[in-house]
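S.K.: Need coordinates for the following:
(one chain, ligands or ions: 1)
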Amino acid sequence: MGSMKRQRGRNHDGQRRRRGDGLRRCLGCGKTLAPSVLLRLTVSGEAELKVDVARKMGGRGAHVCYHGPCIEAAFRKRRLARLLRVKRLDAKPDVIVEQAREQLLALAQWRLSRVRLMGKIVTRSSRIVEAMSAGDLVYLVVVGGILKKDASLLATALNRGIPIYKIASFASEGLSSPLEDNGPGLLGLRLGATAASLEQVLKNLVGIPNA
Ligand SMILES: [Zn+2]
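M.R.: Numbers count the residues shown, from 1 in each chain. Next comes the predicted model:
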């Protein structure tokens, strides 16, 4: 065991910090987290702030949680502008929240269609129960409110500790295609590693409040 004193370039466990550890710090709450749970912000042109949900835009980036208060806090005290090395930013927190929601929904829709192709989405209640009994169901998405007929199904899911996400605006935001035959209701997702990124997108969506 080495000295207890914290050394430069080492984290609190004394391990050497590597560039490749991939963690980023939220400008709002200061937590160090995986990039997949953080919203990337960047600037284009002189001062136009851009949301980069897909993390594909170039340029200097800043990170915040998918969480209204963290986004607000990042704007305070000009922390964001300083980090992005611009004098001022042409955007407000609520504009950023709205942009993030739009991009997340588009990303969720795309990933949902992929997962559907892989047969990972179950929409019929009886099939959801089946998948749940088989231990196949990873989580449930409630779309457009809870229907009476789904109440007992939801209770079972809760008992089994299956996470439930409620997305009120799913259908109205152009995400209705996987549900076309069923209308509002439940989506049971059987996720494999290939679809884990969809789960992350949905989690992030829940963190971003409706504008
Ligand atoms: Zn945060």
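S.K.: helix or strand right after the biggest strand by length in the chain?
M.R.: When the chain is parsed with DSSP state E, its longest strand is strand 38-44. Following strand 38-44 in sequence order, the next helix or strand is strand 48-51 (DSSP states H and E).
S.K.: list the buried ones in that next one?
M.R.: Under the neighbour-count criterion of 16 or more other Cβ atoms under 10 Å, strand 48-51 has 49-51 buried. Using the backbone N, CA and C atoms, a C-beta is placed for each residue, glycine as well.
S.K.: Ok, stretch 143-156 next?
M.R.: 143-144, 146-147, 150, 153-154.
S.K.: Run through this structure and note the low-pLDDT ranges.
M.R.: The model of the chain has pLDDT under 70 over residues 1-21, 113, 115-119, 144-145, 166-185, 191-196, 209-211.
S.K.: Can you spell out the domain ranges of the chain, please?
M.R.: What the record gives for the chain is the domain set 19-91, 102-207, from automatic domain parsing.
S.K.: who wins for proximity to the ion among those domains?
M.R.: domain 19-91 (3.1 Å; Cβ to the ion).
S.K.: That closest one and the ion in contact?
M.R.: Yes: judged by Cβ under 5 Å from the ion, domain 19-91 comes into contact with the ion at 26, 28-29, 65, 70.
S.K.: which residues in this protein form helices?
M.R.: 68-75, 79-84, 93-117, 125-133, 151-159, 196-207 (DSSP state H).
S.K.: Who are the packing partners of the first one?
M.R.: Right, helix 68-75. Where contact means 3 or more Cβ pairs under 8 Å, 6 or more residues apart in numbering; DSSP states H and E, helix 68-75 is packed against strand 61-65, helix 93-117.
S.K.: Point out the most buried one among these.
M.R.: strand 61-65 (a mean of 23; mean count of other Cβ atoms under 10 Å).
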